[in-house]
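[1] based on what follows, work out the 3D shape:
(4 chains)
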There are 2 protein chains.
Amino acid sequence: MNIVQIDTSSNEPKYRQIVSSIENAIGSGELRKGDQLPSLNKIRDDFSLSRDTVLMAFKDLRSRGIIKSVVGKGYYVQNENIKVRKKVFLLFDELNAFKEDLYRSITASLGESVQVDIFFHHFNPKVFSNLLEQNLGDYTYYVIMPANLPNVATAISVLPQDKVYILDQTNPELAKYPSVHQNFERNIYEGLNKIEPALKKYDKIVLLFNRTKQPVGILKGFKLFCTTLNIPHEVVEELGDRIPSSKELFFVLDDINLVQVIKKAKNVNLKLGKDYGIISYNETLLKEIVEGGITTISADFYEMGKKLAEIMLSNDFQQIENENKLIIRNSI
Amino acid sequence: MNIVQIDTSSNEPKYRQIVSSIENAIGSGELRKGDQLPSLNKIRDDFSLSRDTVLMAFKDLRSRGIIKSVVGKGYYVQNENIKVRKKVFLLFDELNAFKEDLYRSITASLGESVQVDIFFHHFNPKVFSNLLEQNLGDYTYYVIMPANLPNVATAISVLPQDKVYILDQTNPELAKYPSVHQNFERNIYEGLNKIEPALKKYDKIVLLFNRTKQPVGILKGFKLFCTTLNIPHEVVEELGDRIPSSKELFFVLDDINLVQVIKKAKNVNLKLGKDYGIISYNETLLKEIVEGGITTISADFYEMGKKLAEIMLSNDFQQIENENKLIIRNSI
DNA sequence: TCTAATTTGTGCGTATGTATG
DNA sequence: GCATACATACGCACAAATTAG
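    Predicted structure coming up:
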């Protein structure tokens, strides 16, 4: 009994017939994990096909993790689970609690038949391009969080263009890829605008901003808002020895600075929401109860994951800007 | 112990495997300058390879000045000063903020030259064993967080025993592997014991415990403490409709329940640290300032990563129990 | 000194997957 | 679908150097 069967009179494309017959052979137990498949040349000769046609079928199976290739040897069955329809390569910047939300929402929206593997580049360009090269050809889709790494576009260009999706941060060089991203500048500007009346009681807004890890868009949006409305403002890299003073509003992007501001303000008996204010970036569970509630402007990671899954499944070219969520609490 | 090791099922080309195993033998001191390597024919026979394949590996090493050849005699080690690139397979259970601490401390302690790749099994036994099988042979060390998955020992047994390290949770079946782990039972028992005087003002301790994700040791340590000291106690899976009442102390393991308890207590005008108490598991930045400070018992993940790196670099067989840190704040 | 066995070195042919035009 | 170049792997043949007996 031959593993591959081709019906030339069928409507079904030949490469699809090869894929299904191999799937069937695995499903029936005729092919087991580790078994070698007939070579490209053998299948070409046996069924008078082009080598490229057979290759197309094998690439499909490989991108789903069902078979693997070894140069100079051949193709081998790697995974007997033929229910995997697609495999997704998901490249995050760093590991933090928000990534879990994104991962959960992506996998939930894509469904059982899609396998999602997670990777991290930790803002290291070398790690970034190594990961892409090492996993080339092994996935149906590549979802990439480029952060603000230099020369990401050239690194990404090793991947087939139609399989790449950009997540969270994008830039003009990546315009040719579909994406679900944040427009940090607009989101911050609009978020601040919505609470503008409440901000009138403050004399000055202080942004605590770290250039290496945080998106420049946040800085731009902040400056745009303050200059447009003629609000006194200041940008500092870290709190350091600075002590919060009355009628100051702090826009804080990370937890370390958030805790610092609150502790220092307490030392000089400033009351949050009355004497001074805080806006914090990205909602977490505890911010609801810290000091009676911290006002947050935050990305909706659950929504981002859901939208990403949608455009992957629909195969449309889309570039979606994800809105921010504003949660007003007692801290302003 | 053979100098050369070949895994035919690996993706890595055979000649590359020969190259790396000789590099490793030199790196570990097994091969010294002047030592003779096994001959081309011997390696060919031992591993059923083509002579040319072995030759390709030796040519690579020779072109880099690591070995030299003498016609009619054999190949000899010429240079011991080579940098061997190590790769670590790091398998976590789930993605959360603590994992970043662990990752950072492991990579910082191992140094620049070591590549650490992160994977997650999401408490799924199938995913767990698939990941091990798919990455077999590709890494110098395998660091595994087995959580409380069933039959981990048999799944792990596919890996070479001397390359495996166990992290965080262990069990008697994994006794043959070196590890850096927590003794949850003892840590919880001792942690509670240290604050026992402060707990006298409460009538009852309530543990919010989820069996599927959390280590049983926590439950055991909690029960041991309460029964030993004859303290009324209760274990519930989730808070649900329950409303905290006066003189109750809650031992909370995750943020969702932490927020729930605090919000519900506020609704019935209970004051934290006076009317009711909270002990929370695993320190995070914000817990210092939530409600005037939450008392925490927590693993020191930075320390765990550091110790793990140490035993990997020293090549000693060690099983290290990591202590917990107790931070007493106003919540009790 | 001769011989046989072993070793490296070289050349050629075949087969496999990968990548590009 | 075809053609070409490349990397990996296997196998065979023969030459030259070394060693042991």
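[2] can you check the pLDDT for the residue nearest to A:Tyr139 when sequence neighbours are not counted?
    Closest residue in space to A:Tyr139, ignoring its immediate chain neighbours: A:Phe89 at 4.0 Å, by CB to CB, 6 or more residues apart in numbering or on different chains. C-beta: built from backbone N, CA, C; applies to glycine. pLDDT recorded at A:Phe89 is 96.
[3] now the residue lying closest to A:Ile289 once chain neighbours are set aside, what's its secondary structure?
    In this structure, A:Ile289 finds its nearest non-sequential neighbour in B:Ile262, 5.2 Å apart by CB to CB, 6+ apart. The three-state assignment at B:Ile262 reads helix, by DSSP: H, G, I helix; E, B strand; the rest coil.
[4] where's B:Ile262 relative to A:Leu91, distance?
    Computed as CB to CB, to the nearest Å, the B:Ile262 to A:Leu91 distance reads 37 Å.
[5] so which residues of chain A form strands?
    For chain A, the strands defined by DSSP state E occupy A:67-70, A:74-77, A:86-92, A:114-120, A:141-144, A:164-168, A:179-182, A:204-208, A:233-236, A:248-252, A:277-281, A:295-299, A:319-322, A:324-327.
[6] now these in TSV, with distance to B:Glu303 and mean neighbour count?
    Formatted as TSV, the strands of chain A follow (distance: least, CB to CB, whole Å; neighbours: other CB atoms under 10 Å in any protein chain shown):
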stretch	distance to B:Glu303	mean neighbour count
strand A:67-70	39	19
strand A:74-77	43	18
strand A:86-92	25	22
strand A:114-120	22	20
strand A:141-144	34	24
strand A:164-168	32	22
strand A:179-182	36	24
strand A:204-208	29	20
strand A:233-236	32	14
strand A:248-252	28	24
strand A:277-281	29	25
strand A:295-299	32	22
strand A:319-322	38	16
strand A:324-327	35	17
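[7] now do the same contact list for A:Tyr177.
    A:Ile156, A:Gln161, A:Val164, A:Tyr165, A:Ile166, A:Thr170 (CB atoms under 8 Å, 6 or more residues apart in numbering or on different chains).
[8] contact partners for the first one?
    Contacts for A:Ile156 were tallied using CB under 8 Å, 6+ apart; they are A:Leu132, A:Ile144, A:Pro146, A:Val164, A:Leu174, A:Tyr177.
[9] from those, which is closest to B:Ser10?
    Distance to B:Ser10 across the contacts of A:Ile156 (CB to CB) is lowest for A:Leu132, with 20.9 Å.
[10] so which of the strands of chain A comes closest to DNA strand C?
    In terms of CB to the nearest atom of the strand, the element of the strands of chain A nearest to DNA strand C is strand A:67-70, at 3.2 Å.
[11] low-confidence ranges, chain A, go.
    A:1 (pLDDT under 70).
[12] up against DNA strand D, what does it have?
    A:Lys14, A:Leu49, A:Ser50, A:Arg51, A:Asp52, A:Thr53, A:Val70, A:Val71, A:Gly72, A:Lys73 (CB under 7 Å from any atom of the strand).
[13] would you confirm that A:Val261 contacts A:Pro244?
    Yes - using CB atoms under 8 Å, A:Val261 is in contact with A:Pro244, at 5.9 Å.
[14] what residues are shared contacts of the two?
    Shared contacts of A:Val261 and A:Pro244, defined by CB under 8 Å, 6+ apart, are found at A:Phe250.
[15] what about A:Val127, how many neighbours?
    By the criterion of other CB atoms under 10 Å in any protein chain shown, A:Val127 has 18 neighbours.
[16] how near is the nearest residue to it once chain neighbours are set aside to A:Ile144?
    Nearest non-adjacent residue to A:Val127, counting by CB to CB, 6+ apart: A:His121, 4.8 Å away. Distance, A:His121 to A:Ile144, by CB to CB: 9 Å.
[17] quick one: common contacting residues for those two?
    A:Leu91.
[18] so which residue of chain A comes closest to DNA strand D?
    Minimum separation of chain A from DNA strand D (CB to the nearest atom of the strand) falls at A:Gly72, amounting to 2.3 Å.
[19] is it true that that residue touches B:Arg16?
    No - checked against CB under 8 Å, the pair A:Gly72 and B:Arg16 is beyond contact range at 11.7 Å.
[20] and these two? Which one has more around it.
    Regarding A:Gly72 and B:Arg16, a neighbour count based on other CB under 10 Å identifies B:Arg16 as having more, with 14 against 8.
[21] who's in contact with that one?
    Per CB under 8 Å, 6+ apart, neighbours of B:Arg16: B:Ala57.
[22] tally up the residues packed near A:Asn148, please.
    Using other CB under 10 Å, A:Asn148 is surrounded by 16 other residues.
[23] over to A:Ala153?
    Using other CB under 10 Å, A:Ala153 is surrounded by 16 other residues.
[24] roughly how far apart are it and DNA strand C?
    Distance, A:Ala153 to DNA strand C, by CB to the nearest atom of the strand, to the nearest Å: 16 Å.
[25] isn't that residue up against A:Ala175?
    No - the criterion here is CB under 8 Å, and A:Ala153 misses it with A:Ala175 at 9.4 Å.
[26] state the pair within the residues of chain A next to DNA strand D that is farthest apart.
    Pairwise distances across the residues of chain A next to DNA strand D (CB to CB) peak at 26.1 Å, for the pair A:Lys14 and A:Gly72.
[27] enumerate every residue touching the nearest residue to A:Met56 once chain neighbours are set aside.
    Of all residues not flanking A:Met56 in the chain, A:Tyr15 sits nearest, at 4.2 Å (CB to CB, 6+ apart). Going by CB under 8 Å, 6+ apart, A:Tyr15 touches A:Thr53, A:Val54, A:Met56, A:Ala57, A:Asp60.
[28] quick check: A:Tyr15 vs A:Phe58, distance?
    9 Å.
[29] residue ranges for the helices of the stretch 1-150 of chain A, please.
    Along the stretch 1-150 of chain A, the segments classed as helices by DSSP state H, counting those that start in this stretch run A:14-27, A:40-47, A:51-63, A:97-110, A:125-134.
[30] looking at those, which is closest to B:Asn187?
    Counting by CB to CB, B:Asn187 lies closest to helix A:97-110 out of the helices of the stretch 1-150 of chain A; the figure is 23.4 Å.
[31] tell me which other helices or strands that closest one touches.
    Packed against helix A:97-110 by the contact rule (3 or more CB pairs under 8 Å, 6 or more residues apart in numbering or on different chains; DSSP states H and E) you find strand A:86-92, strand A:114-120, helix A:301-314.
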